[in-house]
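**Student:** would you be able to build a 3D model of this:
(one chain, ligands or ions: 2)
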Amino acid sequence: MASDERFEALLQEHRRFAPPPDFAARAVVADPTIYDKAAADPEAFWAEEARRLDWFEPFREILRWDPPHAQWFLGGRLNAAYNCLDRHIQGPRRNKAAIIWEGEPGDSRVLTYDQLGREVGKFANVLKRLGVKKGDRVTIYLPMIPELPIAMLACARIGAVHSVVFGGFSAEALRDRINDAQASVLVTADAGWRRGNLIPLKANADAALRDAPSVRHTVVVRRVGDRAPVDWHPERDVWWHEAVAASPAHCPPEPMDSEDPLFILYTSGTTGKPKGIVHSTGGYLTGVAATTRMVFDLHEEDVYFCTADIGWVTGHSYIVYGPLANGATTVMYEGSPDWPDRGRMWAIVEKYGVNIYYTAPTAIRAQMRWGPEWPARYDLSSLRLLGTVGEPINPEAWMWYHEHIGRGRTPIVDTWWQTETGAIMISPLPGITATKPGSATRPLPGVSAAVVNERGEPVGPGEGGYLVLTRPWPSMLRTIYGDDERYRAQYWSRFPGMYLTGDGARVDEDGYFWLLGRVDDVINVSGHRIGTMEVESALVDHAAVAEAAVIGRHDELKGQAIAAFVTLKESVPASDALKAELKAHVAQKIGALARPDDIFFTAELPKTRSGKIMRRLLRDIAEGRALGDTTTLADPAVVQQLKAQYEEAEG
Ligand code: ATP
Ligand code: MG
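**Tutor:** Ligands and ions are numbered 1, 2, ... in the order given. This next block holds a predicted model:
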């Protein structure tokens, strides 16, 4: 009998990779008893991590849990910028590189901790002069340039709440986010580089501000200069370089309550309208500092490179706050991975001797499509650890990453987490955990996760269900900005006392977690529930396929039929014979139940600006509906074109 809570398609995966002995021998976390110790007393575990930060006033209580609201490290006072800067500047890291920045056109800049500290102090004083006070919101709409983390840390220094809006967003998306946060200052740039073209940030900002009356001042970074003349509103606009030139570097850090908000950040909008997630100061910083050290096995001399954009939570937590709180050297890159050619990421790894590389499955699948000859041209021997985040990684993409980037030597950490969780929740500890391609492995020490059925009861090994987090954790979101009701309804109403992630998962006999895709995307074929992930992974497993997105479309007979949108590797021609072969391949890998009813070849899939496949738009296309919210779409032309092609081909 088909039960409702099961995902029944099971892709088998038996490969296993133990931590290499030389890696394990000097790993930051090498003692597996850490899991049991943390489970025995999670609050004590997190308190110990929190005490690694510098507090102006120590906390008196670890956790107050008044579901669904948690407070962590009560009574404690600290400042996030102080923890990311001053405490390193006062010690031997003063002249260590904090940020290594690589511009898209090939310019570069290195900021030591001392230099970064001065820049942050100067800009903090600029914000003060513009009237920004503790608790005020500042929207930051910048390309990936050093002024972006400088502006964030300057906000943190004076207790203002930053809201970073990804620089690729439109004027409309920016306007909505400014209005939602009611920001008083907007920080932007004249323009940004993207594949050799200019993105008119200032012009977008001007358009957004026509309808965003809360903003009193705009600070404009001059990134491209004469190439992008800007309209100027003298009563509102100031140039960054002019403002900081007249600004003192010394700015005392505001002692913030542990629970004071550090920032607001909007989710990717993969499943619907983006949510303004609010993060705290003490709990958030504890979570990101601890996970950066443990998951990325951070050593003092490491060069660490996360390829995310700071406009997403991955950039907040693992380019800015996590690495800098640990005194690490963090690389940031302004541009596109295929500019000026498809080897750019590997050129950066070679140029700076990157040791730790953290990217997204979508970026790996793009590399698979382009072919292994690109990374093969570069010296990647400095790499000792690889990571992924953002979507489930298909086992074949994991293997490709392992072979062609890690050259078979480096562990891979597949890290599951969300904007809402603030920090990584499920991931290997690379010195301890044997990995299986496609599994994020186990909840980190101090984190409690479970997979439950419709009634909120834990399911057995191999059975699919809802991924939930069963205890509060320090870096958890505190609310949705301005909408606590939505916070309760979205995350806490389905299963009382448990945080609903919205993702489907199963746990295998070894206690390893396998993410199956969004619960909203689950396909129901004749009463059998099938996760999108496993069908997509079976397709990507075929040598011709680079990427696949699978959805259920309405079907009179079966309830839903499986439609697959497939991107082939560049050297492979599309054909009807290949469609038949792919259908057979899925049936053979998973079972006849999961055989796609139709396969549609496409050069591009609709993705969010953070690179995630938007299956809900594919569903709209396959069911002939008008497209849902498309404001977070990376390239609206892709989905319009796809809709037209689909309608022509499928009638
Ligand atoms: P929205 O909530 O607005 O629909 P979103 O969920 O894509 O957008 P993010 O917070 O950026 O916004 O993404 C978190 C989601 O990304 C997770 O819920 C999960 O679906 C997916 N994800 C992230 N990392 C992984 C991973 N390692 N394995 C599987 N899925 C992952
Ligand atoms: Mg989400």
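**Student:** was I right to think Gly225 contacts Ala191?
**Tutor:** No: contact criterion C-beta atoms under 8 Å: Gly225 and Ala191 do not qualify, at 9.2 Å. C-betas here are computed from N, CA, C, even on glycine.
**Student:** between those two, point out the one with more neighbours.
**Tutor:** Legend: neighbour count by other C-beta atoms under 10 Å for Gly225 and Ala191, higher for Ala191 (25 against 9).
**Student:** what sits against the more buried one?
**Tutor:** Taking C-beta atoms under 8 Å, 6 or more residues apart in numbering as the criterion, Ala191 is in contact with 198-202, 223-224, 227-228.
**Student:** what helix or strand is Asn125 located in?
**Tutor:** helix 113-129 (DSSP states H and E).
**Student:** contacts for that helix next, please.
**Tutor:** With C-beta under 8 Å, 6+ apart, helix 113-129 has contacts from 81, 85-86, 88-89, 93-96, 98-99, 111, 138, 146-147, 149-151, 153-155, 157-158, 160, 185, 219, 238, 240, 243-244, 247-251, 327.
**Student:** filter these down to the buried ones.
**Tutor:** 81, 85-86, 88-89, 93, 96, 98-99, 111, 138, 146-147, 149-151, 153-155, 157-158, 160, 185, 219, 238, 240, 243-244, 247, 251, 327 (16 or more other C-beta atoms under 10 Å).
**Student:** taking those one by one, which sit in helices?
**Tutor:** Using DSSP state H, the members of the buried ones among the contacts of helix 113-129 that fall in helices are 81, 86, 88-89, 147, 149-151, 153-155, 157-158, 240, 243-244.
**Student:** what about the residue in the stretch 451-600 of the chain that ligand 1 sits nearest to, how many neighbours?
**Tutor:** In the stretch 451-600 of the chain, the residue found nearest to ligand 1 is Leu515; the distance is 3.6 Å by C-beta to the nearest ligand atom. Leu515 has 22 neighbours, counted by other C-beta under 10 Å.
**Student:** ok, it touching Met533?
**Tutor:** Yes: assessed by C-beta under 8 Å, Leu515 is found in contact with Met533 at 6.5 Å.
**Student:** distance of Trp72 from Glu49?
**Tutor:** Trp72 sits 11 Å away from Glu49 when distances are taken as C-beta to C-beta, to the nearest Å.
**Student:** so what's the nearest residue to Glu147 once chain neighbours are set aside bridging to?
**Tutor:** Leaving aside its sequence neighbours, Glu147 sits nearest to Val221 (C-beta to C-beta, 6 or more residues apart in numbering; 4.7 Å). Counting by DSSP bridges, Val221 forms beta bridges with Ala189.
**Student:** pairing partners for the helix-or-strand element of the chain with minimal mean pLDDT, with directions?
**Tutor:** Using mean pLDDT, DSSP states H and E, the weakest-scoring helix or strand in the chain turns out to be strand 528-530, at a mean of 85. Looking at strand 528-530 with DSSP bridges, its partner strands are strand 523-525 (antiparallel).
**Student:** now the strand it pairs with: buried residues?
**Tutor:** For strand 523-525, by 16+ other C-beta under 10 Å, it's 523, 525.
**Student:** check which helix or strand the residue most central in space within the chain maps to.
**Tutor:** What sits nearest the mean C-alpha location of the chain, by C-alpha atoms, centre = their mean, is Thr314, with 3.6 Å. Secondary structure from DSSP H and E places Thr314 in helix 313-315.
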